[in-house]
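Chemist: Give me coordinates for this.
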Amino acid sequence: MPKRNGPMRCLILACLVLLPSGAIAQEKAKPLLEERTSHTQHVLTLEGQKIAYTAAAGTLILRGEDGAPRAAVFSVAYTRDGVKDPAERPVTFAFNGGPGGAAVWVHFGAFGPKRVDLDAQGFPLPPPVRLVDNEESILDVTDLVFVDPVSTGYSRPAPGVDAKEFHGLESDVDSMADFIRLWLTRNGRMASPKLIAGESYATVRAAGLSARLLDRYGIRLNGLVLISTALNALTRSFDPGNDMPYVTFLPTYTAAAWYHQKLPSELSGDLRKTLDEVRRFALDEYGPALLQGDWLPAERRRAVAEKLARYMGLSVDYVERSNLRVEHARFCKELLRDRRQTIGRIDARFTTTDLDAAGETGEFDPSLTRYDAPFAEATVDYLRRELGYREDALVYERLNDKVFPWHFPNHENRYADLAETLRQTMMKNPDMKVFIAGGYYDLASPFFDGEYAVAHMGLPAADRARVRFGYYECGHMVYTRRADHRKFKADVAGFIRESAGR
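Modeler: This next block holds a predicted model:
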């Protein structure tokens, strides 16, 4: 018998020799696509009330209509124990944005039962990172499912499926809608009040999901929580010929200048009063001035430049040389140039010192880099040690730039505007409510941008009342500062109770 198998054995060896060694190693290293979940029991005390809950960390396999696997999507779900009727307990699906971001910050900063320990102002502490009980978790009012879109976290496409199939507005919404449908079905929660909470680009995803879930699966959402909105790309894209971002970013420039004490004394008192003044100037004077372009008379141009400089904390000369249009990355570099400092984009309260103080833009965003590592460390440690989910082959992709280019097939040659999608869904689903949270120091998704988007949705007055706003003295992550996290929790919890009819 050994002699008969000799030729076959030689053939196999020959084939292996013909394969590149790297291909063999890659095939061995390729993780298997499988559904596996770790369940653990925990207790969290919120406002003196002990809440027993189950944490489920694991993957669900998304399949095409032919039954073939398309992707494994990783999530962490927290469900309260002892609830017999699903209709009694809301469930909220939460995402971060990017595109390419895992649900790290909403999980361990905002809503989950554990949070990264930050100082009272929301600045990261020296290593090692520490997770503490999140006294502002919303687990008392809703179950939570934190979802990592494909190519983020531990979520991956199936072998043989091109990851690019998931890297676009519509395809991302399709896969996440399929995940939500599957999770609700598997867990017997279709009768529960349902909400989505999205941050940054995930506000785009949330608006898209509100439509896709309703139109494709007949699933109605009770509410959307939109954190640091990015609904309309028009108002955030500093492209030649597009003047809108200069208008919507101006109040945040003022807030940053206020924080760093670069405003004149008469504007340095009540921040909210100052921002109301700047909003009026932006709409009544600045916007119309930009609209005139080169037709703007010289004396009017000078008057606008002087007011802009006053509201931005910059010199009149710099504003004039910038043609009245200061792009946000340049503002981050210019505001504290006299101190040789650059401020953060994600959170304008952060500063750093670049090698070249005379450059046009900064070397990196000091706020993003300061937050990134603590949340990355905490996530991987917590999933393994506390939730028992062990994954050695895959890197936990918290911000994956390999998702680019991100595709907008239905929005080619125009700016993607999901505010219109949201409007249509609100008309189709008159019971859905929307809460929009904005940070005053957010230079990635300015709070005025969210206000502008809603004001241009064309909603009747009765339906505008279904949209409410919350404002916080933080940056992009509106929950980092302790006092604002408490306010944010109260605002979101009240919104969920109202949306769910509680």
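Chemist: buried stuff in the lengthiest strand in the chain?
Modeler: The residue-count maximum for a strand in the chain (DSSP state E) belongs to strand 49-63. For strand 49-63, burial by neighbour count (16 or more other CB atoms under 10 Å) applies to Ile51, Tyr53, Ala55, Ala56, Ala57, Gly58, Thr59, Leu60, Leu62. To be clear about C-beta, it is placed using only N, CA and C from the backbone, and glycine gets the same treatment.
Chemist: got the residue ranges for the strands in the stretch 151-300 of the chain?
Modeler: Counting by DSSP state E, counting those that start in this stretch, the stretch 151-300 of the chain has these strands, from start to end: 156-157, 194-199, 223-227.
Chemist: rewinding a little: for the longest strand of the chain, name the packing helices and strands.
Modeler: Helices and strands touching strand 49-63, by 3 or more CB pairs under 8 Å, 6 or more residues apart in numbering; DSSP states H and E, are strand 37-46, strand 69-80, helix 169-186.
Chemist: Buried residues of the longest one, list them for me.
Modeler: Taking 16+ other CB under 10 Å as the neighbour-count basis, helix 169-186 is seen to contain the buried residues 169, 171-181, 183-184.
Chemist: Just checking the distance from stretch 435-448 to the centre of its chain.
Modeler: 12 Å (CA atoms, centre = their mean, to the nearest Å).
Chemist: Including distance to Leu267 and mean pLDDT, could the helices and strands packed on strand 49-63 go into JSON lines?
Modeler: Output for the helices and strands packed on strand 49-63, formatted as JSON lines (distance: least, CB to CB, whole Å; pLDDT from 0 to 100):
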{"stretch": "strand 37-46", "distance to Leu267": "39", "mean pLDDT": "98"}
{"stretch": "strand 69-80", "distance to Leu267": "44", "mean pLDDT": "98"}
{"stretch": "helix 169-186", "distance to Leu267": "39", "mean pLDDT": "98"}
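Chemist: quick one, which of those is nearest to Arg370?
Modeler: Comparing these by their distance to Arg370 (CB to CB), the top pick is strand 69-80, with 24.1 Å.
Chemist: The nearest residue to Val454 once chain neighbours are set aside and Arg423: what is the separation?
Modeler: Excluding the flanking residues, the one nearest Val454 by CB to CB, 6 or more residues apart in numbering is Val467, at 5.5 Å. Distance from Val467 to Arg423, counting by CB to CB, to the nearest Å: 10 Å.
Chemist: got any residues that touch both of the two?
Modeler: Between them, Val467 and Arg423 have Leu459 as joint contacts when contacts are counted by CB atoms under 8 Å, 6 or more residues apart in numbering.
Chemist: residues in contact with the host helix or strand of Ala305?
Modeler: Secondary structure assigned from DSSP states H and E places Ala305 in helix 298-312. If you take CB under 8 Å, 6+ apart as the criterion, helix 298-312 is touched by 250, 253-254, 257, 263-264, 267, 278, 281, 285-286, 289, 296, 314-316, 318-320, 324, 326, 331, 335.
Chemist: Val434 looks like it's in a strand, true?
Modeler: Yes - under DSSP: H, G, I helix; E, B strand; the rest coil, Val434 sits within a strand.
Chemist: how far away is it from Ile227?
Modeler: According to CB to CB, Val434 and Ile227 sit 12 Å apart.
Chemist: Check Glu199 too.
Modeler: Counting by CB to CB, the gap from Glu199 to Ile227 is 4 Å.
Chemist: so what sits against both of the two?
Modeler: With CB under 8 Å, 6+ apart, Glu199 and Ile227 have common neighbours Val106, Ala110.
Chemist: dump the residue contacts of Thr40.
Modeler: Residues near Thr40 by CB under 8 Å, 6+ apart: Thr54, Ala55, Glu386, Leu387, Gly388.
Chemist: So which of these is the closest to Tyr452?
Modeler: Ala55 (39.0 Å).
Chemist: ok, now how distant is that closest one from Asn323?
Modeler: 54 Å.
Chemist: For the stretch 351-500 of the chain, just list every one of the helices.
Modeler: 366-385, 418-428, 447-455, 461-464, 482-499 (DSSP state H, counting those that start in this stretch).
Chemist: OK, contacts around the closest residue to Ala120 other than its chain neighbours?
Modeler: Nearest in space to Ala120, with sequence neighbours left out and distances taken as CB to CB, 6+ apart, is Arg482 at 4.7 Å. Shown in contact with Arg482 (CB under 8 Å, 6+ apart): Leu118, Ala120, Gln121, Gly122.
Chemist: Neighbour-wise, which one of the residues you listed leads?
Modeler: Neighbour counts for the contacts of Arg482 (other CB atoms under 10 Å) peak at Gly122, which has 24 neighbours.
Chemist: which SS class is that one?
Modeler: Per three-state DSSP, the secondary structure class of Gly122 is coil.
Chemist: Residue ranges in the protein under the pLDDT threshold?
Modeler: Applying pLDDT under 70 to the chain flags residues 1-32.
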